[in-house]
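K.L.:
below are the sequence and a predicted model; questions follow.
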Amino acid sequence: MRPDRSPMVRKPSAKSLTGLLLAGPALLLALAGCTTSAKQDVVSAVPDDYRVAHPILIDERLQTMDIPVGIDAGIGAKTRGSVAGFAQRFKASESAVMAIVLPSGSPNEVNAVRIGHQVHEVLVGAGVSPAAIDVRSYRAGGKESGAPIRLAFSKIAAHVEGCGAWTSQLGDVKRNRNYGNFGCATQANLAAMVDNPLDLVYPREMTPADAGRRYTVLDLYRRGEIHATKQGVLPVEISEAVQQQ
């Protein structure tokens with residue numbers, strides 16, 4: 001039997017998000033349990049399993065975007081586009097609250113409030129419900145003339161920790177075992193590409209069958225006609241040099 005090559009996924013216990021910008025009951029999602037695997041694949045003389053060394057972690061993480069606040073009382077077209085893009089990410093995450101966090105006590109505080117209203121309009125224009133937008137503030141220093149506005153929301157995300165740790169020289173590995181960073185980039189890329197991180201943990205419900213396509217196939221079958229998909233063959237030209245040989 002071939003060993004299971006599915007990515008190792010670790011589900012940490014649910015933890016409070018108190019202290020984060022978006023802490024609150026509407027943003028908490030519990031992921032129960034913690035699964036690990038004591039089984040390690042043995043490939044030739046390499047006993048290490050990169051999925052155990054670098055598991056994919058699934059937890060709730062904060063997604064942020066900082067908007068610079070300059071001397072002008074408005075935001076440009078590029079910034080509006082970036083805010084609209086962040087709004088689309090928020091809608092795709094199915095999170096409940098988007099926070100607009102304004103600086104307080106900084107020299108640009110008044111201008112930040114003006115820009116905050118414009119950001120609010122862009123978010124609503126991009127499809128974010130006004131009821132889902134929570135305006136807050138953070139304490140900025142008196143010398144922070146460029147204190148930014150921060151947009152933030154919390155979402156379920158997959159990630160891998162510890163990549164890039166080259167603790168040993170590969171030339172000094174005499175036991176033919178995986179080095180410590182082996183497989184970490186592969187796991188990290190998989191975690192970054194997955195659209196719904198929970199797909200790595202739980203299977204999705206099956207979608208309904210296509211009744212129209214099913215009727216078409218069965219009707220052709222009853223009539224004894226071919227119902228396979230037609231596949232064309234592209235013409236191939238053989239090089240004259242090959243023909244001469």
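P.N.:
Received it, and whenever you're ready, just let me know what you need. Numbers count the residues shown, from 1 in each chain.

K.L.:
tally up the residues packed near residue 83, please.
P.N.:
Counted with other CB atoms under 10 Å, the neighbours of residue 83 add up to 24. C-beta coordinates here come from the backbone N, C-alpha and C atoms, glycine included.

K.L.:
that one touches residue 124, doesn't it?
P.N.:
No - using CB atoms under 8 Å, residue 83 is not in contact with residue 124, being 10.9 Å away.

K.L.:
strands of the chain, start to end?
P.N.:
With DSSP state E as the criterion, the chain has strands at 9-10, 56-67, 98-104, 133-139, 149-159.

K.L.:
residue 222 is nearest to which of these?
P.N.:
When these are compared by CB to CB, strand 9-10 sits nearest residue 222, at 45.7 Å.

K.L.:
and residue 92, how far from residue 197?
P.N.:
13 Å (CB to CB, to the nearest Å).

K.L.:
more neighbours: those two, which one.
P.N.:
Remark: of residue 92 and residue 197, residue 197 carries more neighbours, 19 against 11, as counted by other CB under 10 Å.

K.L.:
dump the residue contacts of that one.
P.N.:
Going by CB atoms under 8 Å, 6 or more residues apart in numbering, residue 197 touches 58, 156, 157, 158, 191.

K.L.:
next, count neighbours for the first one.
P.N.:
This points to residue 58. For residue 58, the number of neighbouring residues by other CB under 10 Å comes to 21.

K.L.:
per-residue confidence at it?
P.N.:
The per-residue pLDDT reported for residue 58 equals 91.

K.L.:
swap in the second one?
P.N.:
According to the prediction, residue 156 has pLDDT 89.

K.L.:
what's the weakest-modelled helix or strand in this protein?
P.N.:
One helix or strand of the chain scores below all others by mean pLDDT, DSSP states H and E: helix 240-244, with a mean of 60.

K.L.:
where among the strands of the chain is average confidence lowest?
P.N.:
Out of those, strand 9-10 stands lowest, with a mean of 68 (criterion: mean pLDDT).

K.L.:
now do the helices in this structure.
P.N.:
50-53, 77-93, 109-125, 184-193, 211-222, 240-244 (DSSP state H).

K.L.:
most tightly packed of those helices?
P.N.:
Comparing those by mean neighbour count (mean count of other CB atoms under 10 Å), helix 50-53 ranks first with a mean of 19.

K.L.:
which strands and helices lie in contact with it?
P.N.:
Contact partners of helix 50-53 among helices and strands, from 3 or more CB pairs under 8 Å, 6 or more residues apart in numbering; DSSP states H and E: helix 184-193.

K.L.:
list the helices and strands the helix it packs on packs on?
P.N.:
Here helix 184-193 touches helix 50-53, strand 56-67, strand 149-159, going by 3+ CB pairs under 8 Å, 6+ apart.

K.L.:
adding distance to residue 101, write these out as TSV.
P.N.:
Below are the helices and strands packed on helix 184-193 laid out as TSV (distance: least, CB to CB, whole Å):
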stretch	distance to residue 101
helix 50-53	37
strand 56-67	9
strand 149-159	4
